[in-house]
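K.L.:
Structure for the following, please:
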Amino acid sequence: MKTIVYSTRAYDREFLTAANQAAGAPHELAFVEAHLSVPTARMAEGYEAVCAFVNDDLDAEVLTSLAGCGVRLVALRCAGFNNVDLDKAGELGIAIARVPAYSPDAIAEHTLALILSLNRRIHRAYARVREGNFALDGLLGFDLKGKTAGIVGTGQIGIRVAAILRGFGCRVIASDPNPDDALTDAGGRYVEWGELLATSDIVSLHCPLTPQTHHLIDAKAIAAMKPGVILINTSRGAVVDAKALIGGLKSGRIGHVGLDVYEEEGDLFFDDLSGKVLQDDVFARLLTFPNVLITGHQGFFTREAMEAIAQTTIANIVAFEANGAPDHAVTADLRG
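P.N.:
Alright, predicted model coming up:
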């Protein structure tokens, strides 16, 4: 199938091209750096499939434009699909595919990297040493052993994080509307939401973005947290109310924040903005806190994960061309 790939970087071309060649090079792939949006949707004229990423726009207007271009499939090279108007896609007869799982270890390990860096102030120590400052004042951390870690969302990633934290000697508790025996097998236990917030030294978010989880961490939830908590979000940006997060940091209720996602990241992440003035005042304010560590949605970014994402994406396109349906279809009933 003729497929246009939006929001591409060199690494996307490398892994998707390799996966396509491994499958016998069945598809004609055209790579463009532009994000998918209303103005760029017309670039899909003459293509049967679109490959999109997590921050591409797939609202009703974009989908209508894509349908007018002859697009029959949108292959997401990510797990999340909250950026897609699924009802409109169904109305237009455009199939939506995704990559439901690729390397939960990648994101779980990145989660631990954020926890360890914040707790032991690695990011601050690095900057100090480069300036010849070897003082230890302000770098005091704590042992993870014996601390309570609250896991919010126990899918594959949440379970991996729980297992790793148990290896550090943490007491692991969790909250999920759909309990999984794998959590108890990993040494954790499920508790009520209020107990998780009140007793966790670390709260790590691994839930999908749904209407129910939008701003799950708001001012009320923050007020219920244990003072000095480490809050980590490697799931979806809008699970956390960023303005409420700033309030929690200013009050001292939140001790440290590690973010790999951000509510309005679509205008920021995956692009080099180092020569520009940030226009997002909330994000800019977060960057001023010494106890906040933000990475640009790189939790998934390992060789193993990129290979798996590319292979599944190509397999979805192959299946759609052969059978009229991708291997991992997204339909409206998958929404929370």
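K.L.:
Do a quick rundown of the strands in the stretch 1-150 of the chain.
P.N.:
Secondary structure of the stretch 1-150 of the chain (DSSP state E, counting those that start in this stretch): strands at 2-5, 28-31, 49-52, 73-76, 95-97, 148-152.
K.L.:
Nearest to Thr313, out of these?
P.N.:
Checking the strands of the stretch 1-150 of the chain against Thr313 by Cβ to Cβ gives strand 73-76 as the closest, at 5.4 Å. In this view, the C-beta of every residue, glycine as well, is placed from N, C-alpha and C.
K.L.:
mean confidence for that closest one?
P.N.:
Mean pLDDT, computed over strand 73-76, is 98.
K.L.:
same question, stretch 296-307
P.N.:
For stretch 296-307, mean pLDDT rounds to 96.
K.L.:
circling back to that earlier point, closest one to Leu197 among the strands of the stretch 1-150 of the chain?
P.N.:
Comparing the strands of the stretch 1-150 of the chain against Leu197 with Cβ to Cβ, the closest turns out to be strand 148-152 (7.3 Å).
K.L.:
Give me the residues contacting that closest one.
P.N.:
Strand 148-152 is contacted from outside by 158, 161-162, 165, 170-176, 183, 188, 196-197, 199-207, 216, using Cβ atoms under 8 Å, 6 or more residues apart in numbering.
K.L.:
Among those, which lie within helices?
P.N.:
By the criterion of DSSP state H, membership of these in helices covers 158, 161-162, 165, 183, 196-197, 199.
K.L.:
Pipe the strands of the stretch 1-150 of the chain into a markdown table and attach mean neighbour count per row.
P.N.:
Below are the strands of the stretch 1-150 of the chain laid out as a markdown table (neighbours: other Cβ atoms under 10 Å):
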| stretch | mean neighbour count |
| --- | --- |
| strand 2-5 | 22 |
| strand 28-31 | 17 |
| strand 49-52 | 28 |
| strand 73-76 | 26 |
| strand 95-97 | 24 |
| strand 148-152 | 25 |
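K.L.:
Break this protein down into its domains, please.
P.N.:
Taking automatic domain parsing as the reference, the chain has its domains at 2-102+302-334, 104-294.
K.L.:
isn't Glu264 right up against Phe283?
P.N.:
Yes. Assessed by Cβ atoms under 8 Å, Glu264 is found in contact with Phe283 at 6.9 Å.
K.L.:
between these two, who's got more neighbours?
P.N.:
Phe283 (18 against 14; other Cβ atoms under 10 Å).
K.L.:
That one: what's it in contact with?
P.N.:
By Cβ under 8 Å, 6+ apart, the contact list for Phe283 reads 242, 262, 264, 268.
K.L.:
Buried subset of these as a ChimeraX selection?
P.N.:
Applying 16 or more other Cβ atoms under 10 Å to these, the buried members can be selected in ChimeraX as follows:
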select :242,262,268
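K.L.:
Closest to Ser251 out of the ones in helices among the contacts of strand 148-152?
P.N.:
Distance to Ser251, by Cβ to Cβ, is smallest for Leu197 among these, at 15.2 Å.
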